[in-house]
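K.L.:
okay, sequence plus prediction incoming.
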Amino acid sequence: HQARLFTKFAAYKAARAGSIHNASVKAMEDAALAVLLPMVSEPAGGGAEAIIPVAGATDYGTKWNRVKGIKDNKLEPGEDLKYAAVTICGPLRGWLKPNAGEVDFDDPAVASGGSWQDSERTKLRVQVTFNYRMPIPFANWVIHRAALDQVIPESLRLAVKGAPTGTVPPFKDPAYARLAENKKIYVIPIRATYTMRMQSNIYVNKAEIPSDNLCLFPFHY
């Protein structure tokens, strides 16, 4: 629950950073990670994870320099998982004029036209995924298995309706399963979204502006 609250605030900070930095994913992930650092854990032996408390600037700097992979936003060597990942939900590339070069955030004509989609051109919508390493031995295993629908009755399963008993829906990214099976690291993706009006121009042809909305995830992803 605490990690969920942190993730929601991280989504706000990411959207704020993106709004003033031309929807830069790097800037947004840096902002999100700065918020989430107090919730990041590290191996403590025996299957446990230690969460170093952050009570001030000195603690913050100590943790930033200590936790493996945090500076590169890389959760575990060999896996393409970030501690904090930002996905742009909108605007989509097709909503913007392809030859515009950039979209003036403060031009009233950009958001005009009468349609709902027109008004969305200068709104930045983002989804933050916090890959939360659960810190408590056994409890993390139980929660992780429940999320994978592996050890709970069919009546309580969080799977696709009508799926055969015993069917394990795959994660979109199998890295979650690999970390659990091979390294006993139990990671649950926690997601939150936020929308904010742009305060800087969007560069239409930058790779960060998606063609499709990739922010729709079934639970078992």
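P.N.:
All right, it came through fine. Numbering: from 1, shown residues only.

K.L.:
list the buried ones in stretch 10-26?
P.N.:
By neighbour count with 16 or more other C-beta atoms under 10 Å, stretch 10-26 contains the buried residues 10-19, 21-25. The C-beta positions use only the backbone N, C-alpha and C, and glycine is treated the same way.

K.L.:
walking through the protein, point out its strands one by one.
P.N.:
Counting by DSSP state E, the segments of the chain that form strands are 42-45, 48-50, 84-90, 102-103, 123-133, 187-197, 202-203.

K.L.:
taking strand 187-197 as reference, get the angle to the third one.
P.N.:
Just to be clear, that refers to strand 84-90. Note on geometry: by axes from the mean of the first three to the mean of the last three C-alpha atoms, to 10 degrees, strand 84-90 and strand 187-197 are set 40 degrees apart in direction.

K.L.:
how close does residue 25 get to residue 195?
P.N.:
Distance of residue 25 to residue 195, computed by C-beta to C-beta, to the nearest Å: 16 Å.

K.L.:
now do stretch 137-151: distance to the chain's middle.
P.N.:
Averaged C-alpha coordinates place stretch 137-151 at 21 Å from its chain's average position (C-alpha atoms, centre = their mean, to the nearest Å).

K.L.:
please save the CA atoms from that stretch in PDB.
P.N.:
Provided in PDB are the C-alpha atoms of stretch 137-151 (Å, rounded to 0.1, in the frame of the first residue of the first chain):
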ATOM      1  CA  PRO A 137      10.500 -13.600   3.000                       C
ATOM      2  CA  PHE A 138       7.700 -16.000   2.300                       C
ATOM      3  CA  ALA A 139       5.100 -13.200   2.100                       C
ATOM      4  CA  ASN A 140       6.700 -12.000  -1.100                       C
ATOM      5  CA  TRP A 141       6.600 -15.500  -2.500                       C
ATOM      6  CA  VAL A 142       2.900 -15.900  -1.600                       C
ATOM      7  CA  ILE A 143       1.800 -12.600  -3.100                       C
ATOM      8  CA  HIS A 144       3.900 -13.100  -6.200                       C
ATOM      9  CA  ARG A 145       2.400 -16.600  -6.700                       C
ATOM     10  CA  ALA A 146      -1.100 -15.300  -6.200                       C
ATOM     11  CA  ALA A 147      -0.500 -12.600  -8.800                       C
ATOM     12  CA  LEU A 148       0.600 -15.400 -11.200                       C
ATOM     13  CA  ASP A 149      -2.600 -17.400 -10.400                       C
ATOM     14  CA  GLN A 150      -0.500 -20.400  -9.400                       C
ATOM     15  CA  VAL A 151      -1.500 -21.400  -5.900                       C
END
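
K.L.:
of the strands of the chain, which stretch is the most buried?
P.N.:
strand 123-133 (a mean of 24; mean count of other C-beta atoms under 10 Å).
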